[in-house]
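K.L.:
give me the fold of what follows.
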Amino acid sequence: MAGFHSPARSLTRGHPGAGIAAAGTIVAAAAVLGTVIAMANRGFDLTDEAYYVLSMQEPAAYRMTSTLFGYALHPIHVLLGGSVTALRIFGLAVLAASGAAAAGSFLSLRRAPDEALPALCRAAVVAAGAALPAMYYGFWLPTPSYNLLVLAAALLLLPAIVLLADRERGPSLPAALAALAGLIAAMAKPPAAGAFAALYLAATVLLLREPRRIGVQLAFAFGFTAAGVAALAALLPLETVWAQTRGYIEMHGAAAPAGRGAIADLLVFLVRPRGWPFVAALIAAGLAARAERSGWSQRTRPRIAGLALAAIAAAAALIVGFPVYPALGPGMAAIAFAAIALGLLGGADRRTALALALAALLPLAAAIGTTNDTVSQTSLYAGVLGLVALLAAMAARRNGAVAVVALCLVLVTGAALWKGLAKPYRLAAPIWRQTEPVEIGTRGERLKLDPRAAAFVRSLRDGAMRRGFCSGDPIIDLSGELPGIAVLLGGGTPGLPWLFGGYPFSERLAGWIISGLDPQTRGRAWLVVAEGRIAFSAAFVAALGFDLAGAYDLAFDGSHPLYGTPVRLYRPRAAAGVPCGR
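P.N.:
Next up, the predicted model:
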């Protein structure tokens, strides 16, 4: 690939500062990854993370599903004994390995011995590749989920797209990577899989151009995909999956139940201040591409570089100065496109730049289908944009800057991680204050929680055990936000892992799920009732046929560990005195 063929004199050998930056990158990357591992046993979100664990635990037990991520992760859940800590470390290992492999594939494009980066810089590039996906932990939802799987798929599709720009590369590796990415995304988040397929198709057409090569590439991709689908069909319980899918369509129809839509979200983003660094970077990339073709004067090119650098500065201020969710994805998108602009001005191949621009759309494609703001959701996948920026630096003919760019990107990753640790999602205290070991579930695992959450868990478990709770007992959560109680007690959630509260469809969903329970399960189920902001009302609970006063005994009466609102656990009187295992 022409963009990676740079003069030997520009390599790090003449830039001692680049060696220092490379060593700093390796140390910083190790610190980022080591921090995630060290904190993997701290904190537990009783909503989203509990939903992830319950979905992995018994993916075939539920009446409906819109995602097969539980099936994808169930073997890992079994292999690791259901350990939340081990699952988190596994998730990090998947992301780090995928990022490092993507970075390594970029290095493989430098073929001539006199064009190779020195060993230390090569190690720094791979270390940065391993660390950049850890931007995902800026929310501190470390338990593997459909979002983590979609990110892993995007990390596979990134080199698949970039390798298409290499004229000497055969079709098999990009096609295999694209097929694997598509299959993972299809199981985790079907709308994202469709967006990935469209992006890969566009990349194939735009980068290969010749009809014969396009046909061969797509044929390979289709063949690998067909083989993967056949393997999944042999492994998955298709009748159960189809029944669950029909259940989702019966409940919600074929579209997502909420959300403004990706196009509307993107248009709103572009006209608001947080979108301006991205707009500036996009303009700089367009001007740089035109400058490369038109041979603009040397006075114009520094101005374009200045615009790109200004976009990077504004994006860095956005990332550092604002919360992770609305800022990290947009800020990294600006940095990625500004890096592409600088790469073009530094002599990068136009095909490489086009491949990088297409790859920079992966986070947006990954966010398709969310019920939240699509642009903000790209923050979960911002590590892909970091890799794009790193590759843009490698494509430019100023290789002494590669290690410096890698170091800066890893430091941005560290800043995002720090924010996640300081204000973890739906936890009452920073991760470094999650220090009290508490047993959860029935397998003896202990997680470290903040004092308030630890007291809640101990009191809840004590009340449930005194009232005769048995492992696997069904729990119907009518709080709208505490499926984690089933995880804490080692129970099950019949019908659906989480009865979502607070949505326009919530009461209809809860009624539909509970109406499908068999009488024995419904009669044995413990109830979680709350007075929180999205809890189902007492009138609705009564309308479902639950007579709290006449058919249930209070087992626990406490306060939500984050919001302080009342939370109660009720035991069905029909289960009183029944020994476990009966």
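K.L.:
show me the strands in the protein, by range?
P.N.:
For the chain, the strands defined by DSSP state E cover 436-440, 445-449, 475-477, 526-530, 552-559, 566-572.
K.L.:
low-confidence stretches in the stretch 351-500 of the chain?
P.N.:
Across the stretch 351-500 of the chain, the ranges flagged by pLDDT under 70 are 397-399.
K.L.:
next one: the chain
P.N.:
Applying pLDDT under 70 to the chain flags the ranges 1-16, 109-116, 254-260, 292-297, 397-399, 581-582.
K.L.:
repeat the analysis, applying 50 as the threshold.
P.N.:
Applying pLDDT under 50 to the chain flags the ranges 1-14, 111, 114, 257.
K.L.:
and among the strands of the chain, the most buried is which?
P.N.:
When those are scored by mean count of other CB atoms under 10 Å, the highest mean neighbour count falls to strand 475-477 (a mean of 27). (C-beta placed from N, C-alpha, C; glycine too.)
K.L.:
neighbouring strands for it, and are they parallel or not?
P.N.:
Here strand 475-477 is paired, per DSSP bridges, with strand 526-530 (parallel).
K.L.:
what are the contacting residues of the strand it pairs with?
P.N.:
Residues outside strand 526-530 that contact it (CB atoms under 8 Å, 6 or more residues apart in numbering) are 464, 469, 473-482, 485, 491, 535-536, 538, 541, 546, 548, 552, 555, 560, 565-572, 575.
K.L.:
cutoff 7 Å now
P.N.:
For strand 526-530, the surrounding residues in contact (CB atoms under 7 Å, 6 or more residues apart in numbering) are 469, 473, 475-479, 482, 485, 491, 541, 546, 548, 552, 560, 565-572.
K.L.:
let me see the domain layout of this structure.
P.N.:
Partitioning the chain according to automatic domain parsing yields domains covering residues 2-422, 435-575.
K.L.:
what residues sit buried inside stretch 261-277?
P.N.:
By 16 or more other CB atoms under 10 Å, the buried positions in stretch 261-277 come out as A262, D265, F269, R274, G275, W276, P277.
K.L.:
for the strands of the chain, give me JSON lines that also has distance to L238.
P.N.:
Below are those laid out as JSON lines (distance: least, CB to CB, whole Å):
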{"stretch": "strand 436-440", "distance to L238": "33"}
{"stretch": "strand 445-449", "distance to L238": "33"}
{"stretch": "strand 475-477", "distance to L238": "28"}
{"stretch": "strand 526-530", "distance to L238": "33"}
{"stretch": "strand 552-559", "distance to L238": "39"}
{"stretch": "strand 566-572", "distance to L238": "35"}
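K.L.:
those strands: which one's closest to S98?
P.N.:
strand 445-449 (26.2 Å; CB to CB).
K.L.:
which helices and strands does the closest one pack with?
P.N.:
The contact analysis (3 or more CB pairs under 7 Å, 6 or more residues apart in numbering; DSSP states H and E) places strand 445-449 against strand 436-440.
K.L.:
of the strands of the chain, which approaches T85 most closely?
P.N.:
Nearest to T85 among the strands of the chain is strand 445-449; the distance by CB to CB comes to 7.0 Å.
K.L.:
now the closest one against strand 436-440, angle please.
P.N.:
For strand 445-449 against strand 436-440, the angle by axes from the mean of the first three to the mean of the last three CA atoms, to 10 degrees is 140 degrees.
K.L.:
before we move on, back to that, the strands of the chain: which one's closest to L73?
P.N.:
Minimum separation from L73 across these (CB to CB) falls at strand 445-449, 17.0 Å.
K.L.:
what about the nearest residue to P237 once chain neighbours are set aside, distance to R213?
P.N.:
Excluding the flanking residues, the one nearest P237 by CB to CB, 6 or more residues apart in numbering is A60, at 5.6 Å. Remark: distance between A60 and R213 (CB to CB, to the nearest Å) = 43 Å.
K.L.:
A314: which of the strands of the chain is closest?
P.N.:
Relative to A314, the nearest member of the strands of the chain by CB to CB is strand 445-449, separated by 38.3 Å.
K.L.:
CA atoms only for that closest one, dumped as CSV, please.
P.N.:
Backbone C-alpha positions of strand 445-449 (Å, rounded to 0.1, in the frame of the first residue of the first chain) are rendered in CSV as follows:
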residue,chain,number,x,y,z
GLU,A,445,-18.4,-15.2,44.5
ARG,A,446,-17.6,-11.9,46.3
LEU,A,447,-17.6,-8.5,44.7
LYS,A,448,-16.5,-5.3,46.4
LEU,A,449,-19.2,-2.7,46.7
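K.L.:
quick one on the thing from earlier: need the domains of the chain in TSV with distance to A429, can you?
P.N.:
Output for the domains of the chain, formatted as TSV (distance: least, CB to CB, whole Å):
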stretch	distance to A429
domain 2-422	9
domain 435-575	4
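K.L.:
most packed of the ones you listed?
P.N.:
Most buried among these, given mean count of other CB under 10 Å as the contact rule, is domain 2-422, at a mean of 21.
K.L.:
tell me how far that domain lies from the chain's centre.
P.N.:
How far domain 2-422 lies from its chain's middle: 10 Å, per CA atoms, centre = their mean, to the nearest Å.
K.L.:
same check, this time on stretch 555-568
P.N.:
Relative to its parent chain, stretch 555-568 has a centroid offset of 30 Å by CA atoms, centre = their mean.
K.L.:
ends of that stretch, what's the gap?
P.N.:
Distance across stretch 555-568, first residue to last, is 8 Å (CA to CA, to the nearest Å).
K.L.:
how about stretch 205-217?
P.N.:
Start-to-end, stretch 205-217 (CA to CA) is 10 Å.
K.L.:
can you check stretch 522-537 too?
P.N.:
End-to-end span of stretch 522-537 (CA to CA): 19 Å.
K.L.:
can you give the distance from that stretch to the centre of its chain?
P.N.:
Relative to the chain's own centre, stretch 522-537 is displaced by 30 Å; criterion: CA atoms, centre = their mean.
K.L.:
list the contacts for the residue nearest to A333 when sequence neighbours are not counted?
P.N.:
Distance criterion CB to CB, 6+ apart; nearest residue to A333, sequence neighbours excluded, is F278 at 5.1 Å. Applying CB under 7 Å, 6+ apart, we find F278 in contact with P330, A333, A334, F337.
K.L.:
redo that, cut-off 8 Å
P.N.:
F269, L270, A311, A315, P330, A333, A334, F337.
K.L.:
now the second one, nearest residue through space, not along the chain?
P.N.:
Once flanking residues are discounted, L270 sits nearest to V279: 6.2 Å by CB to CB, 6+ apart.
K.L.:
what's near enough to touch the closest residue to R522 other than its chain neighbours?
P.N.:
Leaving aside its sequence neighbours, R522 sits nearest to I514 (CB to CB, 6+ apart; 7.1 Å). The contact partners of I514, taken as CB under 8 Å, 6+ apart, are I476, G495, R522, L544.
K.L.:
of these, just say which sits nearest to L385.
P.N.:
Relative to L385, the closest of the contacts of I514 is G495; by CB to CB it sits at 38.7 Å.
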